[in-house]
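**Q** pasting the structure only:
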């Protein structure tokens, strides 16, 4: 009787071991499949990135051609410098108006300012 019980226990242990081994093999296969999927997605994304980079280069070329065509490729004119009053100066360019000045009164702290409007 003891031999039958020991035999059954051995059979149960073997079945559990085989089942665990199959689960381990399945886990390894799933991990490998996941890694293969990641690699394929990375490859697809890198291919798409190359296409996007080519499109960006083409768009940059078109923008450059357009700037040349309408004359924006020329150097920006020098800003116009002008005096607002004794303590303020101005600078005007197509992009920005700048005003700077200062107050230097005897007996009071010096005060300087700078304004810029795009």
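**A** Looks like it arrived, so ask away. Everything numeric here is computed off the predicted structure, so don't read it as measured data. Numbers count the residues shown, from 1 in each chain.
**Q** helix or strand right after the helix or strand hosting residue 7?
**A** Using DSSP states H and E, residue 7 sits in helix 2-70. Next along the chain after helix 2-70, taking DSSP H and E as the criterion, comes strand 80-85.
**Q** which residues sit against that following strand?
**A** Here strand 80-85 makes contact (Cβ atoms under 8 Å, 6 or more residues apart in numbering) with 89, 90, 91, 92, 93, 99, 101. Quick note: C-beta positions are derived from backbone N, CA and C, even for glycine.
**Q** which one of those sits closest to residue 10?
**A** Nearest to residue 10 among those is residue 93, at 92.1 Å by Cβ to Cβ.
**Q** can you give me the neighbour number for that closest one?
**A** By other Cβ atoms under 10 Å, 12 other residues sit near residue 93.
**Q** nearest spatial neighbour of it, skipping sequence neighbours?
**A** Leaving aside its chain neighbours, residue 93 sits nearest to residue 79 (3.8 Å; criterion: Cβ to Cβ, 6 or more residues apart in numbering).
**Q** that neighbour against residue 90, yeah?
**A** No: the pair residue 79 / residue 90 is not scored as a contact, 9.4 Å apart, by Cβ atoms under 8 Å.
**Q** distance of the spatially most central residue of the chain from residue 56?
**A** By Cα atoms, centre = their mean, the chain has its centre lying nearest to residue 49, at 13.3 Å. Distance, residue 49 to residue 56, by Cβ to Cβ, to the nearest Å: 10 Å.
**Q** what of residue 99?
**A** 39 Å.
**Q** try residue 32
**A** Residue 32 is 36 Å from residue 56, by Cβ to Cβ.
**Q** can you list the weak-confidence ranges in the protein?
**A** 71-76 (pLDDT under 70).
**Q** which residue lies farthest from the center of it?
**A** residue 1 (73.0 Å).
**Q** that older thread, what is the nearest of the contacts of strand 80-85 to residue 117?
**A** Distances from residue 117 to these, taken by Cβ to Cβ, are shortest for residue 99, at 8.3 Å.
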